[in-house]
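>>> Need a 3D model of the following:
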Amino acid sequence: MLQSIDKKKKLFIYLFFLVFLTTINNLSISNSEYLKLKINQIKVYGLNDESNFNISEEFNRLISQKNLFFIDKDYFLNVLKKNNLIHSFKVKKIYPNTIEVQIQKTKFLAVTRHKEKKFFIGSNGKLINFQSSDKNLPYVYGKIKVEEFIKFTKIVVNSKFNFEEISELFFFPSGRWDVKTNKDILIKLPKKNLLKALNFSHHMIINENFKNSKIIDLRIYNNVILTNE
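Residues are numbered from 1 along each chain as shown. From the prediction side, this is the model:
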């Protein structure tokens, strides 16, 4: 009986050492493979060639020779968040040694002036240095908070209007908006119930009975004031 127990103990010890040595061996192999996965190429897509190249160069300085397994998005945030043209991005690891960064460029929604300079307002909620553009974007007057403008654009998108019909937007310190259409019709909106007001004014604009109206004033609740001048 004792001899049987001793045999079991020996068998257990042999199995333990076998598993231990196998694990050590596997770890050594794995670690050697990890060490080979040094990043040597970073590809950036989504912006123009010059911007893509500049971002790629910044990444190379930041993560050159690092192991592909241990790279996460935090390595890229410090570079990408500085670029106001970026709306979102995706990072893809391509083994053994390549990273691809797919960038979605922000959409230009409007033009405004801030501190005596012109800027595009991006869909990412950032101001972007203005350059000549062939797009007919609405011009926004007033000291806007960009986040408030983004909220307003979402309401417009959900209404019967679209931005191609709008030439100018006026923002007031009270938080109220006026809209001027491409047909030179000024709509004075209330502070509340903007979606309802926009849809109502759009209905009036396309109605032949009101084709001569130049100002639609909806600021007073349940009242419409029309002006033909």
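>>> Next SSE downstream of the least confident helix or strand in the chain by mean pLDDT?
Sorted by mean pLDDT, DSSP states H and E, the helices and strands of the chain end with helix 2-36, the least confident at a mean of 46. Sequence order places strand 41-45 as the next helix or strand after helix 2-36, per DSSP states H and E.
>>> helix or strand right after that following strand?
Following strand 41-45 toward the C-terminus (DSSP H and E): helix 49-63.
>>> quick one, what contacts the residue nearest the centre of the chain?
By C-alpha atoms, centre = their mean, the chain has its centre lying nearest to His87, at 2.8 Å. Shown in contact with His87 (C-beta atoms under 8 Å, 6 or more residues apart in numbering): 104-107, 122-124. Any C-beta I mention is one placed from the backbone N, CA and C, and that applies to glycine too.
>>> pLDDT below threshold where in the chain?
Along the chain, the parts satisfying pLDDT under 70 run over 1-37, 62, 64-65, 69, 134.
>>> what about 50?
Within the chain, the stretches with pLDDT under 50 are 1-3, 5, 14, 16-35.
>>> For the nearest residue to Ser56 once chain neighbours are set aside, give the beta-bridge partners.
Sequence neighbours aside, Val44 is the residue nearest to Ser56 in space, at 4.5 Å (criterion: C-beta to C-beta, 6 or more residues apart in numbering). On the basis of DSSP bridges, Val44 is bridged to Val101.
>>> so where do the strands sit in the chain?
With DSSP state E as the criterion, the chain has strands at 41-45, 86-94, 98-105, 108-114, 117-122, 127-129, 139-141, 166-171, 177-181, 186-188, 215-217, 225-227.
>>> Check which residues of the fourth one are buried.
Translated: strand 108-114. Buried residues in strand 108-114, counted by 16 or more other C-beta atoms under 10 Å: 108-112.
>>> Also the first one?
Neighbour counts over strand 41-45 (16+ other C-beta under 10 Å) mark 42, 44 as buried.
>>> Please save the CA atoms from it in PDB.
Written as PDB, here are the backbone C-alpha positions of strand 41-45 (Å, rounded to 0.1, in the frame of the first residue of the first chain):
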ATOM      1  CA  GLN A  41       5.500  51.000 -40.800                       C
ATOM      2  CA  ILE A  42       2.600  53.400 -39.900                       C
ATOM      3  CA  LYS A  43       0.100  54.100 -42.700                       C
ATOM      4  CA  VAL A  44      -2.300  57.000 -42.400                       C
ATOM      5  CA  TYR A  45      -5.300  57.600 -44.600                       C
END
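>>> relative orientation of it and helix 49-63 in degrees?
Orientation note: strand 41-45 sits at an angle of 140 degrees relative to helix 49-63 (axes from the mean of the first three to the mean of the last three C-alpha atoms, to 10 degrees).
>>> Name the surrounding residues that touch strand 41-45.
Contacts to strand 41-45, defined as C-beta under 8 Å, 6+ apart, come from residues 52-53, 55-56, 59-60, 63, 97-103.
>>> do the same with the fifth one
Defining contact as C-beta under 8 Å, 6+ apart, one finds that strand 117-122 is touched by 84-85, 87, 106-113, 127-130, 133, 137, 140, 146, 149.
>>> do the third one as well
Residues from elsewhere that reach strand 98-105, judged by C-beta under 8 Å, 6+ apart: 39-47, 52, 55-56, 59, 68, 71, 76, 80, 85-94.
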